[in-house]
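> Show me how the following folds:
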Amino acid sequence: MKYADIKSRVESLRRELAEIAEHNRRYFSRKNHSAEERAQHRQLQDRVRQIRGELYFFLRAGKSCIMARRRSLSSEAIHQSLNIECPHCHAVLGPADCQRIDGEHLRCPKCQKEFVPKGPEKPIRTG
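Take a look at the predicted model:
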């Protein structure tokens, strides 16, 4: 289902719940209900349970639909952004390979030279 379809269906279910809530207020404001009124009330209670189940389903479906609509980072883009290239020997170093000297300088484990890493030259592209 599309997000717009889910949204409109959820709104109609909420309106129906509001109507049932109004019916319940009228029902409980009186005493001595007829058998027909009690049967109708039980049917509405069952319908409330059905609506709650359907809303729960749409809540889950809506989350997955929303998550699918968001642009996410690919794992490749994340790995590329974490890797650093040594300016001296041009070795590609992962986060575990780097030896941090202080808050700014790193030491390359291959050539043992210190350097300040640069940020990514291109912005990370999303999915």
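> counting contacts, what elements does the helix or strand residue 5 falls within pack onto?
Using DSSP states H and E, residue 5 sits within helix 3-29. Secondary-structure packing of helix 3-29 (3 or more CB pairs under 8 Å, 6 or more residues apart in numbering; DSSP states H and E): helix 35-69. Every C-beta, even on glycine, is put in place using the N, C-alpha and C of the backbone.
> State the mean pLDDT of the helix it packs on.
Mean pLDDT, helix 35-69: 77.
> What of stretch 111-127?
The model assigns stretch 111-127 a mean pLDDT of 65.
> and what of stretch 17-27?
89.
> and the gap between residue 20 and residue 113?
Here residue 20 is placed at a distance of 73 Å from residue 113 (CB to CB, to the nearest Å).
> Quick check: buried residues in the helix holding residue 5?
6, 9-10, 13, 20 (16 or more other CB atoms under 10 Å).
> Would you reformat these as CSV and include distance to residue 30?
Listed next are the buried residues of helix 3-29 as CSV, based on distance: CB to CB, whole Å:
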residue, distance to residue 30
6, 37
9, 33
10, 32
13, 27
20, 17
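> which of these has the weakest pLDDT?
residue 6 (73).
> thinking again about what came up before, now the helix holding residue 5, how far from the centre of its chain.
From the chain centre to the centre of helix 3-29 is a distance of 25 Å (CA atoms, centre = their mean, to the nearest Å).
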